[in-house]
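> Have a look at this fold, sequence not included:
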């Protein structure tokens with residue numbers, strides 16, 4: 001079965017506090033136990049010395065065991081609840097999914 005990598009990059013509004021960002025990332029991490037098929041979660045602040053992040057300061061990645069479970073996750077009530085918490089704090093967001101053939 002082909003795994004799916006789900007990557008999301010955030011540009012938080014300037015007025016969003018670090019405490020709020022930390023709380024939002026705790027909510028994101030909890031999704032791995034609330035939604036089926038999440039094999040791995042990693043997320044946090046941009047840390048590369050390359051400086052190629054554009055305006056995005058934070059991001060996360062989830063690995064799903066299948067496209068089917070990714071498709072269940074997207075409209076899942078817990079995912080929608082966390083999205084509703086995050087969106088008011090964002091200046092910009094990018095979501096990018098790809099197949100993982102490893």
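Received the coordinates, thanks. Fair warning: this is a prediction, and the values are worked out from it, not measured in the lab.
> Which stretches in this protein count as helices?
18-34, 67-73, 77-86 (DSSP state H).
> Check which residues of the last one are buried.
Neighbour counts over helix 77-86 (16 or more other Cβ atoms under 10 Å) mark 79, 82, 86 as buried. Glycine gets a C-beta too; all of them are placed from N, C-alpha and C.
> any chance of those in TSV, plus pLDDT?
Compiled in TSV, these are given as follows (pLDDT from 0 to 100):
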residue	pLDDT
79	98
82	98
86	99
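> and these as CSV, adding distance to residue 40?
CSV is the format used below for the buried residues of helix 77-86 (distance: Cβ to Cβ, whole Å):
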residue, distance to residue 40
79, 16
82, 17
86, 20
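> what's the nearest residue to residue 62 if we skip its chain neighbours?
residue 6 (4.5 Å; Cβ to Cβ, 6 or more residues apart in numbering).
> doesn't residue 100 make contact with that neighbour?
No: look at residue 6 against residue 100 with Cβ atoms under 8 Å: they stay out of range, at 10.2 Å.
> From the neighbour counts alone, determine which of these two ranks first.
residue 6 (18 against 12; other Cβ atoms under 10 Å).
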